[in-house]
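Chemist: Output the structure for:
(one chain, ligands or ions: 1)
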Amino acid sequence: MTTYENILVETQGKVGLIRLNRPQALNALSTPLFEDLALALDAFQADDGIGCIVLTGSPKAFAAGADIKEMKDLSFMDVYFRDFCNTGWTHVTTIRKPVIAAVAGYALGGGCELAMMCDFIIAADNAKFGQPEINLGTMPGAGGSQRLTRAVGKAKAMEMCLTGRQMDAAEAERAGLVSRVVPLAELEAEALKAAEKIASMSLPVVMMAKESVNAAFETTLAEGIRFERRLFHSTFATEDRREGMAAFADKRPAMFINR
Ligand code: CO8
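Modeler: Model (predicted):
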C-alpha cells in the first residue's frame with residue numbers, strides 16, 4: 001500500500017481507513033495533506049474490495065482547520081487565481097462510495113468543513129465543532145457557511161460563524177450535525193462497525209442511496225422524490241435486489257455480489 005507524508009492509510013476487511021496525520025499541527029489541513037488525501041480516496045474508490053471509507057484524525061484533533069501558517073502570507077490574487085479551497089480541497093465530495101467522518105477533538109474551520117463534506121459524522125464525546133475563521137479576520141471558505149447552516153439551521157450556524165463559538169459533541173448531536181456520539185475510546189471501533197455494515201450491503205445500491213440523499217440538498221422536493229423513485233426502480237435491474245428479497249423470503253442472510 002502507498003505511504004503518504006500527511007496521512008496514514010490502512011484497510012480493515014472491506015473498509016478503507018484514512019487517518020489525518022500531522023500531529024505537530026493538530027492535523028491542520030495543508031495543500032500537501034489534501035493532495036495525499038485525494039490520492040488515497042481515489043485509490044479506495046478504484047479498489048473493488050472496498051465498500052466504505054472512514055476518515056479520522058487523532059484523539060485530540062480531527063483537524064484544527066486549514067493551515068494558518070500556509071495561508072498567512074497569501075494575497076487575494078494568490079487565492080483567487082489558484083481558486084484556493086476549491087481544486088483538491090473538496091475532492092472527498094466527488095467520491096461515490098460512502099465516507100464516514102469519525103471525529104474526536106477539534107474539528108475547526110476547514111476541519112469542520114471537511115467533516116461535513118463526508119456522508120455522516122460519528123463524534124467522540126470530546127469532539128468540538130466550530131467555524132472560528134472570524135477570529136482570524138476571514139470566514140469559512142470550503143462550505144462552512146452553507147453545509148453548517150443546512151445541518152443545524154440559521155440560528156446556530158450564524159452564531160458560530162459570527163462569534164467563532166464552538167459546539168460540543170452533545171450539542172452537535174442535538175442540532176443534527178452528527179449522527180451520534182460515542183465514548184472517545186470506542187470511536188474508531190464504532191465507526192469501523194458502521195462502515196463494515198455498509199460494506200456488507202450491495203455497493204451499487206449503497207451508491208444510489210447516497211446519491212439520492214445528496215440530491216435532497218440540490219433539488220426541489222418534487223424533483224428529489226422523482227429522482228429517488230427512478231433510482232429505486234433502477235435497483236430492480238440489479239441481481240442484488242433480487243437476492244436481497246429472495247434471502248428475506250428464504251429466511252437466510254443475503255449474499256450480495258455488487259451486480
Ligand atoms: N494551522 C496551523 N497550525 C495550527 C493550526 C492551524 N489551523 N491549529 C493548531 N496549529 C498548531 C499550533 O500553531 C501549534 O504549533 P506550534 O507548537 O508549532 O506552536 C500546534 O498546532 C498545537 O496547537 P496549540 O499549541 O495552539 O494547541 P492548544 O491545545 O493550545 O489549542 C486550538 C488548540 C484551540 C485548536 C488552537 O490550536 C487553535 O485555535 N487553532 C486554530 C483554529 C482555527 O482558527 N482554525 C481555523 C483556521 S482557518 C480555516 O480553517 C479556513 C478554512 C478555509 C477552507 C479550508 C478547506 C478545507
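
Chemist: tell me which parts of the stretch 51-200 of the chain are close to the ligand?
Modeler: By the rule CB under 6 Å from any ligand atom, the part of the stretch 51-200 of the chain lying against the ligand is 64-69, 85, 89, 106, 108-110, 113-114, 132-133, 136, 141-142. C-beta here means a position set from N, CA and C on the backbone, and glycine is covered the same way.

Chemist: now these: which count as buried?
Modeler: 64-67, 85, 89, 106, 108-110, 113-114, 132-133, 141-142 (16 or more other CB atoms under 10 Å).

Chemist: Isn't Thr235 up against Val206?
Modeler: No: with contacts counted by CB atoms under 8 Å, Thr235 stays clear of Val206, the gap being 10.6 Å.

Chemist: What's the first helix or strand after the helix or strand of the chain with the lowest mean pLDDT?
Modeler: Least confident helix or strand of the chain, by mean pLDDT, DSSP states H and E, is helix 76-82 with a mean of 92. Later in the chain than helix 76-82, the nearest helix or strand by DSSP states H and E is strand 99-103.

Chemist: CA-only coordinates of that next one in PDB, if you can.
Modeler: The C-alpha coordinates for strand 99-103 follow below in PDB (Å, rounded to 0.1, in the frame of the first residue of the first chain):
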ATOM      1  CA  VAL A  99     -17.200   8.200   3.500                       C
ATOM      2  CA  ILE A 100     -17.800   8.400   7.300                       C
ATOM      3  CA  ALA A 101     -16.000  11.100   9.300                       C
ATOM      4  CA  ALA A 102     -15.000   9.800  12.800                       C
ATOM      5  CA  VAL A 103     -14.400  13.000  14.700                       C
END
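
Chemist: chain center to stretch 121-129: distance?
Modeler: Between the centre of stretch 121-129 and the centre of its chain there are 13 Å (CA atoms, centre = their mean, to the nearest Å).

Chemist: From the opening residue of it to its closing one, how far?
Modeler: One end of stretch 121-129 to the other measures 11 Å (CA to CA, to the nearest Å).

Chemist: can you pull out the strands in the stretch 51-200 of the chain?
Modeler: Here the stretch 51-200 of the chain has its strands, by DSSP state E, counting those that start in this stretch, at 52-56, 61-63, 99-103, 106-108, 120-124, 128-130, 167-168, 180-182.

Chemist: elements contacting the second one?
Modeler: Strand 61-63 makes packing contacts with strand 99-103, strand 106-108, helix 110-117 when contacts are defined by 3 or more CB pairs under 8 Å, 6 or more residues apart in numbering; DSSP states H and E.

Chemist: for the shortest one, packing partners?
Modeler: In this case it means strand 106-108. Strand 106-108 packs on strand 61-63, strand 128-130, going by 3+ CB pairs under 8 Å, 6+ apart.

Chemist: Many thanks, I have nothing further to ask.
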